[in-house]
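A.B. asks: Turn this into a structure:
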Amino acid sequence: MLRHLTRNGRRAVAALTVTTLSVALPIAALPLHAASPTTQTPVMGPSLLSAAQLAAWYHHNHSGAANLPALHNDVQALAQIFIDEGRAYNVRGDIAFTQSMLETGWLSFPSNGQIPATFNNYAGLFAFNNRAHGTTCAAETAPSRCFATPTIGVQYQIQLLRGYADPASVNMPMLIRPPSGRIGIAPYWERFGGQQSPLVWASAPNYGAYILGMYAGALSYNGFNMSCLPFYTGGSGRTSGTGYWVIGSNGAAYAYGTAPNYGNVANLHLRGPIVSAESTPDHHGYWMLGYDGGVFSFGSARFKGSLGGVALWAPVNDFAAMPDGQGYWLAAYDGGVFTFGSARFFGSLGGQHLKTKVVGIESTRSAQGYWLLEQNGTVHTFGDAHLYGTPPSTRPMIELKRTVSGRGYYTLRDDGTVYAFGDAHLYGNAAGCGMGAASHMLVTPSGAGYWILMQSGAVLSFGDARPLGMPSLTTSGISGFALQN
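C.D. replies: Numbering: from 1, shown residues only. As a prediction, the model looks like this:
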């Protein structure tokens, strides 16, 4: 009888016996995952700009000829060395090139500085206070500020950046490395400068931020979509949203902005991965949904029951909460809908022969209905949910999110393409960003933007969505995205 009820998606009994997988968990017993910086621009990784693009940006901003005697004043040749050496050491050579524009006065090597152009030193390396000015390479004492070739000079800069960013670099053969107490302390450019203790590279507290501002200009000049950059914090219109949670499939919780971390299940032995997450209406908690129907509640989230321990015809894959937080719906791949707490049952697709699996459920604003989304783009309506349109079925759909007004919705495709229906407005797509597959999306509190969470853990901001951060390294996979406020 239970299997029949599950198959047809009827109201599940809240008094079902559940396993230890499906309980409200005490926060104090769980290790908390500290959030990464609210802005984070990795030192390591691939360059986004080519040597030709960097040179074009340089000439747009600097009318005079570069002072590069060893390269016949060829800026693109120098930029190519940065790209090549950056690739060799997994350091973002395009940002390192931008750093050199700051350090050398746009390759002019001012006469009042310690480093002349003949030194092939593009980062002020070893230019300590009180060292002599106007010397020659032959007159240099150790440590020499002069490098034999432009390539060697760039290698020193790139390797020093790798040393500051990567603790594992201590075991790499390097021409130069930071002092032992500073190896690996600055994986992000935002940590470069005097605000880091011990300081990194320069005493100016905004050193890293200033370099990133210059780099953003290079990207903009070359036509990059700034929304494709998860670390880009510019744009005066990006003001909506103060916090969100990214949930890993192993149950880890990563909190960003003002969102506190209320706990996680990363240290538990789960029967299956976490597949979805939802925040509470009061913004002080969240639920996680397990593959087997287990529900975990944190903060102010109230546990109203689960399917843990129940034999299901198909795994559950999405979660929708009541506006008052006193109930929720679970949806299964076969279209079955399960209600808990005060959530009402308005119908399901259980028992029907669907062409594709159901991948999402979203409640209407009144909580008197819901939408179900099939992977092929078909949108099914129940209760007071209205059909505003369906996306094309050229690729798999993965999520449906309603607008703030409730008079429209977005659907998200697996490649990051967004479709807008009803009063939903399109603010951009992640499909052309080269960031891989998409995972989830959230609409901003104002309704004038959205975030798209990629499977890599990158969070892309569109419209007025404020960039708040993302996991710096995700090995377990991404399964949930919940808005705090």
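
A.B. asks: residue boundaries of the helices in this protein?
C.D. replies: All helices of the chain, identified by DSSP state H, fall at 2-8, 51-61, 75-88, 93-104, 150-165, 207-221.

A.B. asks: ok, and what's touching the last one?
C.D. replies: In this structure, residues lying in contact with helix 207-221 by CB atoms under 8 Å, 6 or more residues apart in numbering are 41, 48-49, 53-54, 56-57, 60-61, 94-95, 98-99, 101-102, 188-194, 200-201, 204, 226, 229, 231-232, 234. Bear in mind the C-beta positions are built from the backbone N, C-alpha and C, glycine included.

A.B. asks: Type out the ChimeraX command that picks the buried ones from these.
C.D. replies: Here is the ChimeraX selection string for the buried members of the contacts of helix 207-221, based on 16 or more other CB atoms under 10 Å:
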select :41,48,49,53,54,56,57,94,95,98,99,101,102,188,189,190,191,192,193,200,201,226,229,231,232
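
A.B. asks: re the thing from before, so which of the helices of the chain is nearest residue 184?
C.D. replies: When the helices of the chain are compared by CB to CB, helix 150-165 sits nearest residue 184, at 6.9 Å.

A.B. asks: just checking, what packs against the closest one?
C.D. replies: Counting contacts by 3 or more CB pairs under 8 Å, 6 or more residues apart in numbering; DSSP states H and E, helix 150-165 packs against helix 75-88, helix 93-104.

A.B. asks: can you redo those as CSV with mean pLDDT and distance to residue 386?
C.D. replies: Formatted as CSV, these follow (pLDDT from 0 to 100; distance: least, CB to CB, whole Å):
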stretch, mean pLDDT, distance to residue 386
helix 75-88, 97, 52
helix 93-104, 96, 47
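
A.B. asks: among these, which is nearest residue 362?
C.D. replies: Nearest of the helices and strands packed on helix 150-165 to residue 362, taken as CB to CB: helix 93-104 at 39.3 Å.

A.B. asks: circling back: ok, which of the helices of the chain comes nearest residue 334?
C.D. replies: Closest approach to residue 334 among the helices of the chain is made by helix 2-8 (7.1 Å; CB to CB).

A.B. asks: average model confidence for that closest one?
C.D. replies: Computed over helix 2-8, the mean pLDDT rounds to 28.

A.B. asks: Same check on stretch 117-131?
C.D. replies: Mean pLDDT, stretch 117-131: 93.

A.B. asks: ok so, going back, just so I know, which of the helices of the chain lies nearest residue 352?
C.D. replies: Taking CB to CB, helix 2-8 is the member of the helices of the chain nearest to residue 352, at 9.4 Å.

A.B. asks: okay, the helices of the chain in TSV with distance to residue 455 next?
C.D. replies: Below are these laid out as TSV (distance: least, CB to CB, whole Å):
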stretch	distance to residue 455
helix 2-8	29
helix 51-61	28
helix 75-88	24
helix 93-104	25
helix 150-165	24
helix 207-221	23
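
A.B. asks: where exactly do the strands run in the stretch 251-400 of the chain?
C.D. replies: Residue ranges of the strands in the stretch 251-400 of the chain, as given by DSSP state E, counting those that start in this stretch, are 253-257, 274-279, 285-290, 295-299, 316-321, 327-332, 337-341, 358-363, 369-374, 379-383, 397-402.

A.B. asks: Pick out the shakiest of those, pLDDT-wise.
C.D. replies: Averaging pLDDT over each of the strands of the stretch 251-400 of the chain singles out strand 253-257 as the lowest, with a mean of 89.

A.B. asks: how much does that one deviate in direction from strand 285-290?
C.D. replies: Here strand 253-257 points in a direction 150 degrees away from that of strand 285-290 (axes from the mean of the first three to the mean of the last three CA atoms, to 10 degrees).

A.B. asks: Send me stretch 183-202 as PDB with only the CA atoms.
C.D. replies: As requested, the backbone C-alpha atoms of stretch 183-202 are provided in PDB (Å, rounded to 0.1, in the frame of the first residue of the first chain):
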ATOM      1  CA  ILE A 183      53.900  30.400   1.500                       C
ATOM      2  CA  GLY A 184      50.400  29.600   0.500                       C
ATOM      3  CA  ILE A 185      48.800  32.500   2.600                       C
ATOM      4  CA  ALA A 186      47.300  34.400  -0.400                       C
ATOM      5  CA  PRO A 187      45.400  32.200  -2.900                       C
ATOM      6  CA  TYR A 188      43.300  35.300  -3.900                       C
ATOM      7  CA  TRP A 189      44.400  38.600  -5.300                       C
ATOM      8  CA  GLU A 190      42.200  40.400  -2.800                       C
ATOM      9  CA  ARG A 191      44.600  39.200  -0.100                       C
ATOM     10  CA  PHE A 192      47.600  41.000  -1.700                       C
ATOM     11  CA  GLY A 193      48.600  44.100   0.200                       C
ATOM     12  CA  GLY A 194      48.900  45.500   3.700                       C
ATOM     13  CA  GLN A 195      45.600  44.200   4.900                       C
ATOM     14  CA  GLN A 196      47.000  40.700   5.000                       C
ATOM     15  CA  SER A 197      49.100  39.900   8.100                       C
ATOM     16  CA  PRO A 198      51.800  39.200   7.300                       C
ATOM     17  CA  LEU A 199      51.500  41.400   4.300                       C
ATOM     18  CA  VAL A 200      51.800  40.100   0.800                       C
ATOM     19  CA  TRP A 201      53.900  41.800  -1.900                       C
ATOM     20  CA  ALA A 202      53.100  45.500  -1.000                       C
END
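
A.B. asks: about what we covered before: any chance of the strands of the stretch 251-400 of the chain in TSV with distance to residue 142 and mean neighbour count as columns?
C.D. replies: Compiled in TSV, the strands of the stretch 251-400 of the chain are given as follows (distance: least, CB to CB, whole Å; neighbours: other CB atoms under 10 Å):
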stretch	distance to residue 142	mean neighbour count
strand 253-257	45	23
strand 274-279	55	25
strand 285-290	57	27
strand 295-299	57	24
strand 316-321	63	24
strand 327-332	67	26
strand 337-341	71	23
strand 358-363	63	25
strand 369-374	66	24
strand 379-383	70	19
strand 397-402	58	24
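
A.B. asks: okay if I get these as a markdown table plus distance to residue 83?
C.D. replies: As requested, these are exported to a markdown table (distance: least, CB to CB, whole Å):
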| stretch | distance to residue 83 |
| --- | --- |
| strand 253-257 | 31 |
| strand 274-279 | 39 |
| strand 285-290 | 42 |
| strand 295-299 | 45 |
| strand 316-321 | 42 |
| strand 327-332 | 47 |
| strand 337-341 | 52 |
| strand 358-363 | 40 |
| strand 369-374 | 42 |
| strand 379-383 | 45 |
| strand 397-402 | 35 |
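
A.B. asks: Relative to residue 465, which of these is closest?
C.D. replies: Using CB to CB, these put strand 253-257 closest to residue 465, at 11.3 Å.

A.B. asks: picking up where we left off before, of all the helices of the chain, which one comes closest to residue 366?
C.D. replies: Smallest distance to residue 366 across those (CB to CB): 24.5 Å, for helix 2-8.

A.B. asks: Enumerate every residue touching residue 404.
C.D. replies: Residue 404 makes contact with 443, 445-447, according to CB under 8 Å, 6+ apart.

A.B. asks: of all the residues you listed, which two lie farthest apart?
C.D. replies: 443 and 446 (8.9 Å).

A.B. asks: Just want to know which of those two has more residues nearby.
C.D. replies: Neighbour totals were compared for residue 443 and residue 446, and residue 443 leads with 22 against 13 (other CB atoms under 10 Å).

A.B. asks: so the more buried one bridges to which residues?
C.D. replies: Beta bridges link residue 443 to residue 450, judged by DSSP bridges.

A.B. asks: Compute the distance between it and residue 373, please.
C.D. replies: 15 Å (CB to CB, to the nearest Å).
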